[in-house]
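**Q** sequence below, structure please.
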Amino acid sequence: MSTHVWLLSVALGITALLNWSAVLRGDHVVERITKPTFMLLLGGLAWSLFTDSPPVDAPHLTPLLVALGLSLVGDLLLLTATEVRFRLGLLAFLAAHVAFVWTLLTVPGPSGFPWLVLPAVLVVFLMHGRFGRHVVRHAGRDRFAVLVYVLALATLLVVAAVKGDWVVIAGCFLFLVSDTILGHDRFVHERRWAPVTVMVTYHAAQLLIVLGLLR
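**A** You can find the predicted model right below:
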């Protein structure tokens, strides 16, 4: 591991911890600084990992950076989630998931039938049946947009399962968990533990996807 990759990794960990602490304490100033900083550092880490020693089956870097950039835009919009900003943030993350799917499609998959698709589809159905349908039902005027977003998340997890990398699959699953908690907290029932849980699972998801693709 090169020096700058090591430094970026340490900075990423410190930024994540600061962000989680700020969310727990309700420190909006630190939260507004650390939330976008995490994604900027992660983009730098992705670039560094790709340029230092890209794996043989590395994905195309452009759609990955586009996905991370759109996630950054979504993060900024959701820092003060008014109705309009929430919808724009939802759109930004929807586009990010499309870019992540595009990234995964540039990676060669295993030969033979992708058996991991079967448990991935089962997880999608269970998550939607237990939580997702309630989020969509309570989303009001945003119901259609939320449904499309849920389908995009499901597609991302299934495509990751087709490719068969466990680290990427874990990252996509955590993305599904994070956004399900976020949607349930916003539209169905607020919980005190939800904001920090959303951020922990979100950060872990983004990091695992990047590391799984570029390790």
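**Q** can you list contacts of the longest helix anywhere in the chain?
**A** Once the chain is assigned using DSSP state H, the helix that runs over the most residues is helix 28-52. Outside helix 28-52, the residues within contact range by C-beta atoms under 8 Å, 6 or more residues apart in numbering are 2, 4-5, 8-9, 11-12, 15-16, 18-19, 21-23, 58, 61, 64-65, 68-69, 71-72, 75-76, 79, 199, 203, 206-207, 210-211, 214-215. For every residue, glycine as well, the C-beta is placed using N, CA and C.
**Q** and what of stretch 138-158?
**A** 86-87, 90-91, 93-94, 97-98, 100-101, 104, 117, 120-121, 123-124, 128, 132, 135-137, 169, 172-173, 175-176, 179, 183, 187-188.
**Q** name only those of those residues that count as buried.
**A** Using 16 or more other C-beta atoms under 10 Å as the burial test, the contacts of stretch 138-158 include 86, 90-91, 93-94, 97-98, 100-101, 104, 117, 120, 123-124, 128, 132, 135-136, 169, 172-173, 175-176, 179, 183, 187 as buried.
**Q** could you look up the SS state of the residue in the chain sticking out farthest from the centre?
**A** Distance from the C-alpha centroid of the chain peaks at residue 112, with 28.1 Å (C-alpha atoms, centre = their mean). Under DSSP: H, G, I helix; E, B strand; the rest coil, residue 112 falls in the coil class.
**Q** export the helix or strand hosting residue 102 to PDB, keeping only CA atoms.
**A** For residue 102, the element it lies in under DSSP states H and E is helix 83-105. The C-alpha coordinates for helix 83-105 follow below in PDB (Å, rounded to 0.1, in the frame of the first residue of the first chain):
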ATOM      1  CA  GLU A  83     -39.200  18.600   0.500                       C
ATOM      2  CA  VAL A  84     -37.500  19.900  -2.700                       C
ATOM      3  CA  ARG A  85     -34.000  19.100  -1.600                       C
ATOM      4  CA  PHE A  86     -35.000  15.600  -0.500                       C
ATOM      5  CA  ARG A  87     -36.500  14.900  -4.000                       C
ATOM      6  CA  LEU A  88     -33.400  16.200  -5.700                       C
ATOM      7  CA  GLY A  89     -31.200  14.200  -3.300                       C
ATOM      8  CA  LEU A  90     -33.300  11.100  -4.200                       C
ATOM      9  CA  LEU A  91     -32.800  11.800  -7.900                       C
ATOM     10  CA  ALA A  92     -29.000  12.200  -7.300                       C
ATOM     11  CA  PHE A  93     -28.800   8.900  -5.500                       C
ATOM     12  CA  LEU A  94     -31.000   7.200  -8.100                       C
ATOM     13  CA  ALA A  95     -28.500   8.300 -10.800                       C
ATOM     14  CA  ALA A  96     -25.700   7.100  -8.500                       C
ATOM     15  CA  HIS A  97     -27.100   3.600  -8.300                       C
ATOM     16  CA  VAL A  98     -27.500   3.600 -12.100                       C
ATOM     17  CA  ALA A  99     -23.800   4.500 -12.400                       C
ATOM     18  CA  PHE A 100     -22.900   1.800  -9.900                       C
ATOM     19  CA  VAL A 101     -24.800  -0.700 -12.000                       C
ATOM     20  CA  TRP A 102     -23.000   0.600 -15.100                       C
ATOM     21  CA  THR A 103     -19.700   0.100 -13.200                       C
ATOM     22  CA  LEU A 104     -20.500  -3.500 -12.200                       C
ATOM     23  CA  LEU A 105     -21.400  -4.300 -15.800                       C
END
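**Q** alright, that wraps it up for me.
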